[in-house]
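[1] The sequence and its predicted three-dimensional model are supplied below.
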Amino acid sequence: MNNKRIWLSLAHMGGQEQQFIQEAFDTNWVVPLGPNVDGFEKDLENYLGEEKHIVALSAGTAAIHLALVQLGVGPGDEVICQSFTFSASANPIKYLGAEPVFVDSEPETWNMDPELLREAIEERIRVTGRKPKAIIPVHLYGMPAKMDEIMTIACAFEIPVLEDAAEALGAEYKGQKCGTFGEFACLSFNGNKMITTSGGGALVCSTKEEADFTKHLATQARDNAPHYQHSKVGYNYRLSNICAGIGRGQMLVLQEHVEARRRINKRYRQLLAGIPGISFQSNPSPDFNSNMWLTCIVVDAAEAGFTREELRLAMEQENIETRPLWKPMHLQPVFADAPYYGNETKVSERLFNDGLCLPSHPNLTDEDLERVCGVINKIAAKIH
C-alpha cells in the first residue's frame, strides 16, 4: 500500500511550545507546579471568561473525579450521566462507590435529552427517596448540549451540573463558552483534542475556594504543617510544568485549531453533497456553535446502499483511520446493571450502529480530504 496513513485526529504544534518547554528546563521547573502551570491556567481562564477558576490536572478524568469529590458523591449515591459518551465520563462515579444513572440523547445535538433527564430525576426520587447528587451532560464531538433546558431542570431540583467539555474547548452555546455553565466542568488535553499537553486536563471551578481545594486534593491533600500530615485522602493529579509548557504554546493557536476543524467540516459537506444516505452532525440553530472537533456522519444503509461498517472497512483498506461513534454506556458490559432512561427512538444506539468519525485534524490537506471523500464516492457509485 503506497498511500500514506491518514489519521483520525493528530496533535498539531503551533511552533512556540518548545520555547516554554525550554524555559522549564533552563529554570529547573520540571515538577508538577511552576510558571508554566500558573500561566496555562491563567490563559485558560482568560479564554473561557465568566470569572471561572482553572486547575490544570493530569487528565480530564481526574477533573471529573475531583469535581465529584467536592460535590459530596460517595457510596450509595447516584449520579446522572449521559449514556452516549466515552467511559471516562462515567468511570469516576464508580471510583467513589456511587452508581451512574444513564440518560439517552436527543437527535438534534446527540447530547443528553432534557425530557429524559427530568424523567430520570423524578423516578430516582420515587425509587430511592433521594435526589441524584450530580448531573453530567457531555458536549459530544464539540457540539454543545441543550444547556438552557438542562440547567433549568437542574436548578428546579437543586442538583449541581458537572459539564464534560473534554471535546468542546472553543465551542459556544448562545455565545457562551462550553465549560462555563455548570458548577464544575472538565477539559481534556489528550493528544487528539483541540489542544494538547501530550496528556492532561483541567477542572473549571466556579469559585477560588473550589480551585484551591482542588489543588489541595490533587497534591495528595497535604496539610499546612512543617511535616507531612494528611487529614483527607488526596491524589497525585497535578499537571507537570513541562506538559503545561506545551499547553501554553497550544493556547496561542487554539482559535486557529477551532477554525481549521470548522473549515474541514465545511469542506466535507461540499465534497459529499448529494451522496444518498449520508448526513452530518450539525448545529441545530444559530444558538449552537460546535468546534467541529471531529466531523461525524451517519450512514442510512437503506438509502445509501451500504452500511457504516462497510464504509469503515473500505476506509481502512485505503489506509484511512476512521472510528465508529461512541458505544453508549448503557450497552457496556461494565455498566450492564446501571439504570438507564431512554425511549423507543433509541437515539444513541442508532448513532452507534450507523455513525462514523472522519479524519478531522488541522494537518489534513485538501488532497487528504479528497482521498477520504473519494472512498465514499467510490462505494456509493457502485450502488447507484
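    Structure's in. What do you need?
[2] Quote the end-to-end distance of stretch 273-291.
    Using CA to CA, to the nearest Å, the end-to-end distance of stretch 273-291 comes to 21 Å.
[3] How many residues are close by D26?
    8 (other CB atoms under 10 Å). C-beta: built from backbone N, CA, C; applies to glycine.
[4] repeat for V375
    Using other CB under 10 Å, V375 has 17 neighbouring residues.
[5] That one is in contact with R312, isn't it?
    No: with contact defined as CB atoms under 8 Å, V375 does not reach R312; the gap is 10.1 Å.
[6] Any idea what the nearest residue to Y228 once chain neighbours are set aside is bridged to?
    Spatial nearest neighbour of Y228, chain neighbours left out: R222 (6.3 Å); criterion: CB to CB, 6 or more residues apart in numbering. Beta-bridge partners for R222, by DSSP bridges, are H230.
[7] OK, contacts around R222?
    Going by CB atoms under 8 Å, 6 or more residues apart in numbering, R222 touches H216, Y228, Q229, H230, G234.
[8] and the nearest residue to A59 once chain neighbours are set aside, what pLDDT?
    Spatially, and ignoring its direct neighbours in sequence, A59 is nearest to G201 (4.7 Å; CB to CB, 6+ apart). You'll see G201 listed with a pLDDT of 98.
[9] wait, doesn't G201 sit right on A63?
    Yes: taking CB under 8 Å as the definition, G201 is a contact partner of A63 at 4.9 Å.
[10] okay, and the common contacts of the two?
    Each of L57, C186, L187 lies in contact with both G201 and A63 under the rule CB under 8 Å, 6+ apart.
[11] so C357 bridges to which residues?
    In this entry, C357 is beta-bridged to C296, R323, by DSSP bridges.
[12] element containing L203, please.
    strand 201-205 (DSSP states H and E).
[13] how much space is there between A56 and R248?
    Separation of A56 from R248 (CB to CB, to the nearest Å): 10 Å.
[14] More neighbours: which of these two?
    In this view A56 and R248 are compared by other CB under 10 Å, and A56 has more residues nearby, 31 against 25.
[15] For the chain, just list every one of the helices.
    In the chain, the helices defined using DSSP state H lie at 17-26, 35-48, 60-70, 91-95, 114-128, 147-157, 208-218, 241-251, 254-271, 301-304, 308-317, 347-354, 366-383.
[16] In CSV, list those along with distance to I135 and mean pLDDT.
    Shown next, in CSV, are the helices of the chain (distance: least, CB to CB, whole Å; pLDDT from 0 to 100):
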stretch, distance to I135, mean pLDDT
helix 17-26, 36, 87
helix 35-48, 20, 96
helix 60-70, 11, 98
helix 91-95, 12, 98
helix 114-128, 7, 98
helix 147-157, 5, 98
helix 208-218, 17, 97
helix 241-251, 28, 94
helix 254-271, 26, 97
helix 301-304, 34, 97
helix 308-317, 30, 98
helix 347-354, 17, 98
helix 366-383, 36, 94
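[17] any chance of the ones you listed in a markdown table, plus distance to S360?
    Formatted as a markdown table, these follow (distance: least, CB to CB, whole Å):
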| stretch | distance to S360 |
| --- | --- |
| helix 17-26 | 21 |
| helix 35-48 | 21 |
| helix 60-70 | 19 |
| helix 91-95 | 25 |
| helix 114-128 | 28 |
| helix 147-157 | 24 |
| helix 208-218 | 31 |
| helix 241-251 | 17 |
| helix 254-271 | 6 |
| helix 301-304 | 21 |
| helix 308-317 | 13 |
| helix 347-354 | 17 |
| helix 366-383 | 10 |
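[18] looking at those helices, which is closest to P328?
    Closest of those to P328 is helix 347-354, at 4.1 Å (criterion: CB to CB).
[19] elements contacting that closest one?
    strand 295-299 (3 or more CB pairs under 8 Å, 6 or more residues apart in numbering; DSSP states H and E).
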